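*Asks:* I need the structure of the sequence given here:
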Amino acid sequence: MPTRIRFLSLLALLMALGLVGCGDPEPSTPGVAVDASVAATTTAHAHAAAGETCFICDPAKRDKGRLWCNEHGRYEDRCWLCHAELREEGRAYCEEHGLYEDECFLCDPARGSAPEGHEGHAGHEGHGHGGGDAASTTTAHAHDTQGETCFICDPAKRDKGRLWCNEHGRYEDRCWLCHPELREDGRTYCEEHGLYEDECFLCDPARAPGAKAGDGSGAIDPAEPEADGLFCNEHQVFEHECGICHPELAEELTPGGSLLVRLPSERSAEIAGLGIGRPGHFEADATVPLLGEVRYDGNHHARVAPLADGVVSAIGVDVGRAVDAGEVLAVLHAPAAAEAKAAFVAARHAEVLAAATLSRKQLLEEERIGSRAALDAAQAEYGSASVGLSLARQGLLNLGFRPGDVERIGDAATSELPLRAPFAGTVVRRAAVLGEAVDAGAPLFEVADLSRMWVELSVPEETAPSLEEGTPIVIRVQAAAIEPIAGSITWVAPVVDERTRLVRARGVVPNEGGRLRQGMFVDVDAALASQPDALRVPASAVQQLSDRPFVFVQREPDLFAARRVQLGARLPNDEYVVHSGLGLDDAVVVEGAFSLKSALLASRLGAGCADH
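*Replies:* Predicted coordinates for the structure are as follows:
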């Protein structure tokens with residue numbers, strides 16, 4: 001690819017300098033400005049009335065199907081600068097309008113049925129055909145017999161009266177570089193010979209006018225089925241399978257599909273040093289190596305912070321200390337705690353008083369002494385007091401007090417606010433300092449359950465499909481003499497990192513004795529799932545075409561198939577798992593596959609369809 005980029009960059013530079021290339025811009029559109037560097041050269045002409053246009057300045061008024069020379073502003077069959085060989089000697093020529101004088105209806109409308117408004121005007125600068133005496137650019141092609149010629153290299157064999165593009169070496173009506181508007185979408189084009197595939201008699205002589213099947217020309221036997229379509233006689237394969245002629249078809253292949261590559265001779269494979277081998281069975285107990293980093297179990301790792309501002313008055317634990325769930329780590333003096341306790345005590349007394357009042361009103365009502373209105377008021381007051389007590393209790397819980405702590409609060413509203421461990425574990429970090437004023441939410445301790453650890457994995461993109469939840473793993477610590485530890489994968493990310501092209505995954509392993517520590521790097525062997533139909537091939541056999549994996553399979557001594565495959569993980573022994581697209585009996589090129597890739601892509605690099 002770098003070679004092609006350099007080639008295209010050089011070609012673009014030469015075109016910019018005017019040394020090579022057609023140089024014609026897109027056909028001008030009336031009313032649209034064109035950059036001065038590519039602006040059309042305008043032949044002097046005039047219109048009788050302002051606003052009038054003609055076939056020279058308005059492409060819509062040109063003869064349909066008649067090629068136009070953008071460079072010199074006239075029809076191709078009247079452009080002697082491009083096609084001097086077509087000029088009729090002795091016939092007067094109108095230089096202003098680019099027509100013979102006896103047909104120039106712009107000079108004399110009586111000479112022809114000119115479309116309304118046709119007045120003289122010049123065309124636009126375009127492709128650099130060069131004069132008829134200029135040497136033609138010959139399209140890359142080959143002949144089976146020495147001395148044999150064709151219409152590309154011998155002008156005498158070209159269709160009489162059919163214009164020829166000297167610059168690009170093909171007929172004008174088949175030159176998409178000069179006339180892209182003429183190309184038929186969906187019709188296969190032979191880049192080697194400058195014709196549509198269904199009319200290219202150099203690829204298949206049977207397509208030539210008057211040619212007959214069986215005349216020794218090399219055409220496909222008509223008795224064979226025609227369902228496979230056009231045939232490439234040069235490479236002796238069907239056109240839709242010819243990778244040399246049509247490497248772009250590789251992008252459309254699915255696993256199992258292939259393009260064919262024909263080498264120049266049966267000895268070419270030996271000369272290129274190609275090595276052939278057979279795919280191997282994929283063993284069910286195969287593993288794939290990965291890199292991992294040990295982390296705390298995120299489901300049992302907590303940062304303990306106060307929920308109110310205060311001052312640290314007591315510290316009960318230090319780093320490395322094992323703690324139980326609910327154990328006090330530190331105590332703060334927090335004004336918010338005192339206020340919350342006071343509100344709770346007041347609400348509790350108010351609720352007790354409202355309850356007693358309600359009880360008395362009920363007794364009076366039963367004895368027909370009190371009024372019904374007084375009883376209703378007592379019930380409402382009690383309900384309000386109950387709500388106030390509930391809110392005060394919740395305020396204490398929000399500060400971190402446990403339900404049992406709330407019930408044990410007496411009438412003395414102290415400002416003590418304890419910090420407790422949320423679960424059993426080990427204090428792995430302490431930021432608390434005695435007497436320090438701290439803000440609400442500032443972590444003072446970290447507690448982690450070290451009985452098991454996470455292993456964060458970086459998985460290559462092609463290996464990720466082979467891993468799933470529950471896949472067994474074995475880890476080995478790189479920097480410590482620790483026995484291998486078995487675990488399993490609990491999560492595989494559904495996305496690929498755009499920068500690294502890796503997939504994140506996570507495993508969980510036991511940590512008996514606390515041998516694993518946060519931040520350790522470990523080697524991980526992940527067991528691949530059993531895949532009875534999977535095969536394996538050496539990594540040297542896999543080539544990338546259009547960012548898709550291919551292997552080359554030998555069909556004949558000089559014929560190879562570029563087979564699209566679906567890859568799995570890359571194994572420790574530098575082999576790939578192949579999930580589909582390959583058979584156990586296929587003869588796979590395991591050495592020198594890049595030579596076949598280069599042959600397939602030769603036409604993209606400018607070598608031409610038939611360059612051997």
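*Asks:* next up, the contacts around residue 600.
*Replies:* 243, 244, 247, 250, 259, 261, 545, 562 (C-beta atoms under 8 Å, 6 or more residues apart in numbering). All C-beta spots, glycine's among them, are computed from the backbone N, C-alpha and C.
*Asks:* what's the separation between the closest residue to it other than its chain neighbours and residue 545?
*Replies:* Closest residue to residue 600 apart from its sequence neighbours, by C-beta to C-beta, 6 or more residues apart in numbering: residue 243 at 4.5 Å. As judged by C-beta to C-beta, to the nearest Å, residue 243 and residue 545 stand 9 Å apart.
*Asks:* now residue 75
*Replies:* Separation of residue 75 from residue 545 (C-beta to C-beta): 44 Å.
*Asks:* then residue 582?
*Replies:* Residue 582 sits at a distance of 15 Å from residue 545 (criterion: C-beta to C-beta).
*Asks:* the more surrounded of these two?
*Replies:* residue 582 (23 against 18; other C-beta atoms under 10 Å).
*Asks:* got a list of what that one touches?
*Replies:* Here residue 582 is in contact with 279, 535, 537, 551, 553, 563, 565, 588 (C-beta under 8 Å, 6+ apart).
*Asks:* filter those down to the ones in strands?
*Replies:* 535, 537, 551, 553, 563, 588 (DSSP state E).
*Asks:* between the residues you listed, identify the one with the most neighbours.
*Replies:* That'd be residue 551 among these, by other C-beta under 10 Å, with 28 neighbours.
*Asks:* partners of that residue in the sheet?
*Replies:* Per DSSP bridges, the residues bridged to residue 551 are residue 563.
*Asks:* check contacts around it.
*Replies:* Contact analysis of residue 551 by C-beta under 8 Å, 6+ apart lists 537, 541-543, 562-563, 565, 578, 581-582, 588-589, 593.
*Asks:* if we go to 7 Å?
*Replies:* Taking C-beta atoms under 7 Å, 6 or more residues apart in numbering, we find residue 551 in contact with 537, 541, 542, 563, 565, 582, 588.
*Asks:* equivalent analysis for residue 389, please.
*Replies:* 347, 348, 351.
*Asks:* what stretches of the stretch 251-400 of the chain score poorly on pLDDT?
*Replies:* 283-285 (pLDDT under 70).
*Asks:* can you list the buried residues in the helix or strand encompassing residue 378?
*Replies:* Here residue 378 is covered by helix 372-398, with elements defined by DSSP states H and E. Residues of helix 372-398 classed as buried: 375, 378, 381, 382, 385, 388, 389, 392, 393, 395, 396 (neighbour count, 16 or more other C-beta atoms under 10 Å).
*Asks:* identify the residue nearest the fourth one in space, chain neighbours excluded?
*Replies:* Using C-beta to C-beta, 6+ apart and skipping the chain neighbours, the partner closest in space to residue 382 is residue 354 (4.0 Å).
*Asks:* what about the one you found, distance to residue 376?
*Replies:* Distance, residue 354 to residue 376, by C-beta to C-beta: 13 Å.
*Asks:* select the helix or strand of the protein having the lowest average pLDDT value.
*Replies:* helix 2-17 (a mean of 44; mean pLDDT, DSSP states H and E).
*Asks:* tell me the helix or strand right after that helix.
*Replies:* Of the helices and strands lying after helix 2-17 in sequence (DSSP H and E), the nearest is strand 68-69.
*Asks:* can you tell me what sits against the following helix or strand past that next one?
*Replies:* Once the chain leaves strand 68-69, the next helix or strand it forms, by DSSP H and E, is strand 74-75. Outside strand 74-75, the residues that touch it by C-beta under 7 Å, 6+ apart are 66, 67, 68, 69, 98, 123.
*Asks:* can you put these in CSV and add pLDDT?
*Replies:* Formatted as CSV, the contacts of strand 74-75 follow (pLDDT from 0 to 100):
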residue, pLDDT
66, 78
67, 77
68, 75
69, 75
98, 74
123, 37
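*Asks:* go ahead and build a ChimeraX selection from the buried members of these.
*Replies:* Applying 16+ other C-beta under 10 Å to those leaves a buried subset, and the ChimeraX line that selects it is:
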select :67,68,69,98,123
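*Asks:* among the contacts of strand 74-75, which one sits closest to residue 192?
*Replies:* Nearest to residue 192 among those is residue 67, at 22.4 Å by C-beta to C-beta.
*Asks:* list the residues that contact the nearest residue to the closest one once chain neighbours are set aside.
*Replies:* Distance criterion C-beta to C-beta, 6+ apart; nearest residue to residue 67, sequence neighbours excluded, is residue 76 at 4.0 Å. Listed by C-beta under 7 Å, 6+ apart, the contact partners of residue 76 are 67, 68, 69, 82, 83, 163, 172.
*Asks:* which of the contacts of residue 551 lies closest to residue 497?
*Replies:* After measuring the contacts of residue 551 against residue 497 - C-beta to C-beta - the closest member comes out as residue 542, at 22.5 Å.
*Asks:* thought residue 576 was touching that closest one, still the case?
*Replies:* Yes - using C-beta atoms under 7 Å, residue 542 is in contact with residue 576, at 5.7 Å.
*Asks:* now the residue nearest to residue 600: how far from residue 542?
*Replies:* Separation of residue 243 from residue 542 (C-beta to C-beta) stands at 17 Å.
*Asks:* which one of the two has more residues nearby?
*Replies:* Applying other C-beta under 10 Å to residue 243 and residue 542 shows that residue 243 carries more neighbours, namely 29 against 20.
*Asks:* so that one makes contact with residue 258?
*Replies:* No - applying C-beta under 7 Å, one finds residue 243 not in contact with residue 258, separated by 8.3 Å.
*Asks:* let me see the domain layout of the chain.
*Replies:* Following automatic domain parsing, one finds the domains of the chain at 20-183, 250-285+533-605, 287-297+449-527, 304-446.
*Asks:* can you add distance to residue 190 and give the ones you listed back as TSV?
*Replies:* Converted to TSV, those look like this (distance: least, C-beta to C-beta, whole Å):
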stretch	distance to residue 190
domain 20-183	9
domain 250-285+533-605	11
domain 287-297+449-527	37
domain 304-446	71
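*Asks:* to residue 198, which of those lies closest?
*Replies:* domain 20-183 (12.5 Å).
*Asks:* what ranges does the stretch 251-400 of the chain have for its strands?
*Replies:* Using DSSP state E, counting those that start in this stretch, the strands found in the stretch 251-400 of the chain span residues 258-262, 275-277, 280-281, 287-296, 301-304, 310-315, 322-323, 328-333.
*Asks:* strand partners (parallel or antiparallel) of the second one?
*Replies:* Right, the one you point to is strand 275-277. In the sheet, strand 275-277 lines up against strand 588-591 (antiparallel) (DSSP bridges).
*Asks:* before we move on, what about the longest one?
*Replies:* In the sheet, strand 287-296 lines up against strand 452-460 (antiparallel), strand 521-527 (antiparallel) (DSSP bridges).
*Asks:* so which of those strands comes closest to residue 184?
*Replies:* Going by C-beta to C-beta, the one of the strands paired with strand 287-296 nearest residue 184 is strand 452-460, 44.3 Å.
*Asks:* quick one: mean pLDDT for that closest one?
*Replies:* On average, the pLDDT along strand 452-460 is 94.
*Asks:* which residues touch residue 91?
*Replies:* residue 100 are the contacts of residue 91 under C-beta under 7 Å, 6+ apart.
*Asks:* and it, what element?
*Replies:* If you go by DSSP H and E, residue 91 is not part of any helix or strand.
*Asks:* hmm, back to that, who wins for most neighbours among the contacts of residue 600?
*Replies:* When neighbours are counted by other C-beta under 10 Å, residue 243 leads these with 29 neighbours.
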